[in-house]
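*Asks:* Here you go, sequence then predicted model.
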Amino acid sequence: MGKVLLVDDEDDFLESLRASMTAAGFDVLTAPSAFEALRIIKNIKEPIDCVLTDYRMPEMRGDELAFAIKHNTGIPVVIMTGDSSVSADVLFKAGISGVITKPFDAEHFIEFLRNNDLQVDVSKQRKFLRQKLDQTSQRIELSNGRDTVAGDILNMSNGGIGVCLDASIEPMSTVQFVLQIDGQEIKGYMHCRWRAMLGERLNAGFEFDSLTKKALASNSAFIKWVTINQAS
């Protein structure tokens, strides 16, 4: 699984990009500053495959961070920027591996990796999500107590579900879900852990609440369904 460190001082952008890339299967770490990014890189035990960093940040520019990272670790660094005036020559002299224009999402990043021949493993993640969608062909309904929306299940586990919704509902922090498995209606509650717009549809990840987890743990139809799809 590709491990990526995102560095940006804009909280909303950082969270949106983290959700998008997590949905695509990346193992994502985030840092709100260059100094925090360096601390993470120094202390982490598992290797980081790539660092995506904003260019303009208060404490240290992206190219300065890239120089520090490349000098000490050799981890490829990609600059994220929406500023067209940034000099590519300056950036590449700092040792960066590429520049990607804001705004972007996971699909743009995956395409960027391919075009720039950066070795971050994404094939397993993308194949996993496609397999889950094709094999389950499973629909789900979510309700916030007022509105109801339907969607496709992307992936699942004993602890939660990833979905692609036909429309959004507000609020969606806690929702009731209904799905049909082997002719059985399964209901419960779950909490939203991440969300991201991918194209025109909303992807989101939910964790079952404690009572729902306990109920599903003894539901043979649900356990069989999860086991079959995880094994394939």
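*Replies:* Thanks, I have the structure now.
*Asks:* C-terminal to the lowest-mean-pLDDT helix or strand in the chain, what's the next element?
*Replies:* Lowest mean confidence among the helices and strands of the chain (mean pLDDT, DSSP states H and E): helix 123-136, at a mean of 43. Next helix or strand after helix 123-136 toward the C-terminus (DSSP states H and E): strand 139-143.
*Asks:* Okay, buried residues for that following strand please.
*Replies:* For strand 139-143, burial by neighbour count (16 or more other C-beta atoms under 10 Å) applies to 140, 142-143. Glycine gets a C-beta too; all of them are placed from N, C-alpha and C.
*Asks:* helices or strands up against that strand?
*Replies:* If you count contacts as 3 or more C-beta pairs under 8 Å, 6 or more residues apart in numbering; DSSP states H and E, strand 139-143 packs onto strand 148-156, strand 160-165, strand 174-181.
*Asks:* for that strand, what is the average pLDDT?
*Replies:* The predicted model assigns strand 139-143 a mean pLDDT of 93.
*Asks:* between it and strand 174-181, how big is the angle?
*Replies:* If you take axes from the mean of the first three to the mean of the last three C-alpha atoms, to 10 degrees, strand 139-143 sits at 150 degrees to strand 174-181.
*Asks:* In this protein, what residue spans correspond to strands?
*Replies:* Residue ranges of the strands in the chain, as given by DSSP state E, are 3-7, 27-31, 50-54, 77-81, 98-101, 139-143, 148-156, 160-165, 174-181, 184-198, 201-208.
*Asks:* If you count contacts, what does the first one end up packed against?
*Replies:* Where contact means 3+ C-beta pairs under 8 Å, 6+ apart, strand 3-7 is packed against helix 11-23, strand 27-31, helix 34-43, strand 50-54.
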